[in-house]
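Peer 1: Okay, here's the prediction I keep looking at, along with the sequence it came from:
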Amino acid sequence: MIGYVTLGTNDMEKAAGFYDALLKQLGAKRVMSGDTFIAWGTDMASPSVSVIKPYDGKPATVGNGVMVAIVVDSNDKVDSMHAKAMELGAQDEGAPGDRGNGFYAGYFRDLDGNKLNTFCFTRPSS
């Protein structure tokens with residue numbers, strides 16, 4: 001249902017480098033860009049993540065309680081994405097691990113303070 005998510009940035013160059021390297025882990029690349037935004041995805045028909053300078057010209061700020069969750073297909077990819085985010089200078093918000101009921105996730109904040117997680121959901125066998 002989600003088409004894309006935008007995250008505000010005050011430093012497009014730093015944000016671009018962070019997301020180029022992080023989302024490459026998932027096979028994503030830049031699918032659109034302009035003077036005030038960059039969007040990454042695997043193709044134009046799939047959901048994407050974007051960084052953007054706010055339209056109103058005011059500084060980007062972090063929304064309390066707002067988080068972007070990126071789904072992957074294995075716990076190893078959750079671990080890899082979290083490790084890559086840490087390597088790129090992200091702030092740890094919760095190391096990868098089982099959160100219960102087959103939900104495995106790792107949480108971090110990007111260079112602008114936006115909160116993200118990478119997760120995998122596998123239903124326990126019955």
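Peer 2: Good, I have the coordinates. Residues are numbered from 1 along each chain as shown.

Peer 1: quick one: low-confidence parts of this protein?
Peer 2: Applying pLDDT under 70 to the chain flags the ranges 1, 123-126.

Peer 1: go with 50
Peer 2: 125-126 (pLDDT under 50).

Peer 1: So which residues of it form strands?
Peer 2: 4-8, 29-33, 37-41, 48-52, 67-71, 91-98, 103-109, 115-121 (DSSP state E).

Peer 1: nearest to Asp79, of the ones you listed?
Peer 2: strand 91-98 (4.9 Å; C-beta to C-beta). Heads up, the C-betas are built off the backbone N, CA and C, glycines and all.

Peer 1: same for the closest one, what does it pack against?
Peer 2: Packing contacts for strand 91-98, counted by 3 or more C-beta pairs under 8 Å, 6 or more residues apart in numbering; DSSP states H and E, involve helix 75-87, strand 103-109, strand 115-121.

Peer 1: Which residues does the last one contact?
Peer 2: The one in question is strand 115-121. Residues outside strand 115-121 that contact it (C-beta atoms under 8 Å, 6 or more residues apart in numbering): 62, 66-75, 77-78, 81-82, 85, 93-94, 96, 102-110.

Peer 1: Quick check on the residues you listed: which are buried?
Peer 2: Neighbour counting by 16 or more other C-beta atoms under 10 Å classes 70, 72, 75, 77-78, 81-82, 85, 96, 104-110 among the contacts of strand 115-121 as buried.

Peer 1: circling back: distance to Phe18 for the helices and strands packed on strand 91-98 - can I get that in TSV?
Peer 2: As requested, those are exported to TSV (distance: least, C-beta to C-beta, whole Å):
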stretch	distance to Phe18
helix 75-87	8
strand 103-109	11
strand 115-121	11
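
Peer 1: Quick one: closest of these to Gly17.
Peer 2: Nearest of the helices and strands packed on strand 91-98 (C-beta to C-beta): helix 75-87, 12.2 Å.

Peer 1: Quick one: distance of that closest one to the chain centre.
Peer 2: 11 Å (C-alpha atoms, centre = their mean, to the nearest Å).

Peer 1: which secondary structure elements does that helix contact?
Peer 2: Under the contact criterion of 3+ C-beta pairs under 8 Å, 6+ apart, helix 75-87 touches helix 12-24, strand 91-98, strand 103-109, strand 115-121.
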